[in-house]
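Asker: Sequence first, predicted coordinates after that:
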Amino acid sequence: MFANHRSRSTEMQINGAGAPASFGVTSPRPAAISCDFPVRLSSGSSQALRCAAALLVAAAWLLGCGVKSEKSRQYEYVSAPQAMLRDNVAAVYNKVGIVKNGEQVEVLEKQRRFVRVRTSRNEIGWIEQRYLVSQQVYDGFQKLATDHANDVAQARATTRFDVNLHVTPDRDSEHFYQLKDGEKVDLLQRATAAKPGPAATAKPVSAKASAAPPLPALEDWWIVRDAHGHAGWLLARMVDLDVPIDIAQYAEGQRIVAYFVLNEVPDQDKKVAQYLVALTEPKDGLPYDYDQIRVFTWNLRRHRYETAYRDRKISGVFPITVGQQNFDKEGVLPTFTLRLKDDSGQVTPSIYKLNGPIVKRVLAEGEQPRPVRHVLEQKGKPHHARSRRR
């Protein structure tokens, strides 16, 4: 049957000498294909097989030209809380979809300040470039989350406003995730960075005043972890620590930067937590994370907190860790470990134990005790945590 239709317009050579006119192919032709079959076929059957094979090769080639490989695809991520997809970049447009913070989109085309994207729901539309971050920025946040996934929280805090998480402690650094006002976060690590704007300078009192350039003003940052495991940097002033009011009222004008529950003691029909608190002066840019600690224990007879231990004029760095340890005759006691810098800048861990209302340093074998500047109002009795009456 096929042998009777050997006109030049429909004949298709298997050696690739021509292509069917209906395809309109102007690009380079697919490579020639030859098949050596050991089966003897009739002329009609042979011609049919050649035509079918050529059609399959051409179709596969055309299909491959229009499909991107997974490696060649470009992805970006939505950094805005929510953004709209539009059908064009003109002043008049239709909304074709919505994307939310953290969502991955495939980049199809870029034009000036707009990007044409495809979502995981197969929605295609244009979005402003400023609402997207690159794969590199996304990978940076993923690394932060992985590196700090198991960090011990130094405090629990609540965001004051809607706040962006940055990839580095810098206001001009890339930001990705956004936290809502009132979200809970774990504070993990502190850092300082130069505050933008002109540095505060004092006017010289004489012509012989020093010409040294002024030091930049510094501001504190925290790396935080949210309920979803996302990690990033935010300004310290954008969060409030969730310090229990029972001990926050005894800060005495200092800034509480970390707090931990050491243990709980029973008092009538309830259990009361006993706390370790780290404090510092109420200003940013200090060369240490905290310069004093206090341990608050619960007086079972008077039903109130008292300062069992206080150490000041130290240079502590995070993290502080708490735990428990077996001390033979004393039994299992709560412990905490401070990392303190000496005058040379070397950081050394110091372990302490709490036995009732008494805090003692746990010395390693051969270690000498460090002078401690704790405050005792009466000999052998920890002073009351409440401020004195004026």
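Answerer: Right, received. Where do you want to start?
Asker: Against residue 308, how distant is residue 358?
Answerer: Distance from residue 358 to residue 308, counting by C-beta to C-beta, to the nearest Å: 7 Å. Using the backbone N, CA and C atoms, a C-beta is placed for each residue, glycine as well.
Asker: per the record, what domains does the chain have?
Answerer: 2-65, 70-133, 151-195+217-242, 254-390 (automatic domain parsing).
Asker: To residue 140, which of those domains lies closest?
Answerer: domain 151-195+217-242 (4.5 Å; C-beta to C-beta).
Asker: Quick one: end-to-end length of that closest one, please.
Answerer: 19 Å (C-alpha to C-alpha, to the nearest Å).
Asker: most tightly surrounded among the domains of the chain?
Answerer: domain 151-195+217-242 (a mean of 18; mean count of other C-beta atoms under 10 Å).
Asker: same question for it, mean pLDDT?
Answerer: In this model, domain 151-195+217-242 has an average pLDDT of 96.
Asker: before we move on, what about stretch 123-138?
Answerer: Mean predicted confidence for stretch 123-138 is 95.
Asker: now swap in stretch 269-284 and tell me
Answerer: According to the model, stretch 269-284 has a mean pLDDT of 96.
Asker: residue ranges of the helices in this structure, please?
Answerer: Here the chain has its helices, by DSSP state H, at 43-65, 135-147, 245-248.
Asker: For the domains of the chain, give me a markdown table that also has distance to residue 144.
Answerer: Converted to a markdown table, the domains of the chain look like this (distance: least, C-beta to C-beta, whole Å):
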| stretch | distance to residue 144 |
| --- | --- |
| domain 2-65 | 39 |
| domain 70-133 | 14 |
| domain 151-195+217-242 | 4 |
| domain 254-390 | 16 |
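Asker: between those, which one is nearest to residue 142?
Answerer: Once these are compared by C-beta to C-beta, domain 151-195+217-242 is nearest, at 9.2 Å.
Asker: From the contact counts, what lies against the longest strand seen in the chain?
Answerer: Taking DSSP state E as the assignment, the strand of the chain that covers the most residues is strand 304-326. Applying 3 or more C-beta pairs under 8 Å, 6 or more residues apart in numbering; DSSP states H and E, one finds that strand 304-326 makes contact with strand 184-194, strand 255-267, strand 270-280, strand 290-299, strand 332-341, strand 347-355, strand 358-362.
Asker: Now do the longest one and strand 184-194, the angle between them.
Answerer: Using axes from the mean of the first three to the mean of the last three C-alpha atoms, to 10 degrees, the interaxial angle of strand 255-267 with respect to strand 184-194 works out to 150 degrees.
Asker: if I look at residue 342, how far off is residue 316?
Answerer: From residue 342 to residue 316 the distance is 12 Å (C-beta to C-beta).
Asker: do residue 332 as well
Answerer: For residue 332 relative to residue 316 (C-beta to C-beta), the value is 26 Å.
Asker: try residue 215
Answerer: Taking C-beta to C-beta, one finds residue 215 at 23 Å from residue 316.
Asker: Check residue 109 too.
Answerer: Counting by C-beta to C-beta - residue 109 and residue 316 are separated by 53 Å.
Asker: give me every residue that touches residue 141.
Answerer: 165, 167, 176, 177, 230, 231, 232 (C-beta atoms under 8 Å, 6 or more residues apart in numbering).
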